[in-house]
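**Q** Need coordinates for the following:
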Amino acid sequence: MTCHVPLRGGEFALALALTTVLLAGCSGTADDPGKAGERDASAGASPDPGDGGTAAGPSPEDSLVPDPARLPRTGAEARDLIDRVIAGPDSFGAGVVKRSPYESDPATWPVLGEDCVWQQQKPARSVLATLTRSFEAPAEAGKGPVRLAAVVTVHRTREDAAWEMAESIEETMRCPTQRLRKGETIGSMVAAALLGGESAQGSSEDFLSEVGKYQSSELGGPHHYSWQQAQTLQFTVAVTGKGAEGRTEDEIDRFVNEAQGVMLSRLESAVEKQS
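**A** Sure thing, here's the model as predicted:
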């Protein structure tokens, strides 16, 4: 089945609730609607502390107190914040370098078309600024190059950022196989989501992750694909890792986790209220 997110608007709580509904209720896929069990999309419901699970921790919405004066309201302010938050090569760990082109055109952002092909379009009206940077862990003995990317988007409101998260889930449900660009596809994706405070997820208000298979006419495959996106306040930050021959899943995930943690820490430092 295909699940569609309503047009932007409505309450912030509705957007977060929709994220849970999409993950819990949209179990079929466009490739095979009957194979609900092949797609492990979990809303990350908090386990009962009494059942031996991990108790929910504090939500960043409660622990992070932003300074209103430090939140961007214009495109120029948003671009300045992005420059201070977005990952650089060292954010992924030793050995990672810039790719060319290094930075995206700030007047565009990626949109998944109805044909499940990614394309560059004008940013949505809700976006104050967005930027993508591209990186690579170069090939070495017995290992191919790892392609990496980091994205920071500043929306006008928290509700707008929450809707971007909900739409990201809808895209995965609608297009379990996607073409990134000519000669590059991802598929067999498994998605999961955790709201802040669920299962000790305390780094953001909402957190999405996907793993799948990456196929490239240049690098072959299938190789491991890893993507994470987190939302706090009016901001979203995302990291992508695309594997290659000789690279383990843990290796790719480690690159992604490292850069995501760096950006979330920088974001908190950039907007939190000073004591």
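**Q** quick one: low-confidence parts of the stretch 101-250 of the chain?
**A** 193-204 (pLDDT under 70).
**Q** Now do the strands in it.
**A** 109-112, 118-121, 127-137, 146-155, 178-181, 184-195, 206-216, 220-232, 235-242 (DSSP state E, counting those that start in this stretch).
**Q** who does the fifth one touch, helix- and strand-wise?
**A** In other words, strand 178-181. strand 118-121, strand 184-195 (3 or more C-beta pairs under 8 Å, 6 or more residues apart in numbering; DSSP states H and E). Yep, even glycine has a C-beta here, placed from its N, CA and C like the rest.
**Q** Comparing the ones you listed, which comes out most buried?
**A** Mean neighbours per residue, mean count of other C-beta atoms under 10 Å, is largest over the helices and strands packed on strand 178-181 for strand 184-195, with a mean of 20.
**Q** Quick one: list the elements packing against that strand.
**A** helix 12-25, helix 158-174, strand 178-181, strand 206-216, strand 220-232.
**Q** Restricting to C-alpha, output the longest one in PDB.
**A** Presented in PDB, the C-alpha positions along helix 158-174 are these (Å, rounded to 0.1, in the frame of the first residue of the first chain):
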ATOM      1  CA  ARG A 158       9.300  23.600  14.500                       C
ATOM      2  CA  GLU A 159       6.000  22.400  12.900                       C
ATOM      3  CA  ASP A 160       7.600  22.700   9.400                       C
ATOM      4  CA  ALA A 161      10.600  20.600  10.500                       C
ATOM      5  CA  ALA A 162       8.300  18.000  12.000                       C
ATOM      6  CA  TRP A 163       6.500  17.700   8.700                       C
ATOM      7  CA  GLU A 164       9.700  17.200   6.800                       C
ATOM      8  CA  MET A 165      10.300  14.200   9.100                       C
ATOM      9  CA  ALA A 166       6.900  12.800   8.500                       C
ATOM     10  CA  GLU A 167       7.300  13.200   4.700                       C
ATOM     11  CA  SER A 168      10.600  11.400   4.900                       C
ATOM     12  CA  ILE A 169       8.800   8.300   6.200                       C
ATOM     13  CA  GLU A 170       6.100   8.600   3.600                       C
ATOM     14  CA  GLU A 171       8.800   8.600   0.900                       C
ATOM     15  CA  THR A 172      10.300   5.400   2.100                       C
ATOM     16  CA  MET A 173       6.900   3.700   2.200                       C
ATOM     17  CA  ARG A 174       6.000   5.000  -1.300                       C
END
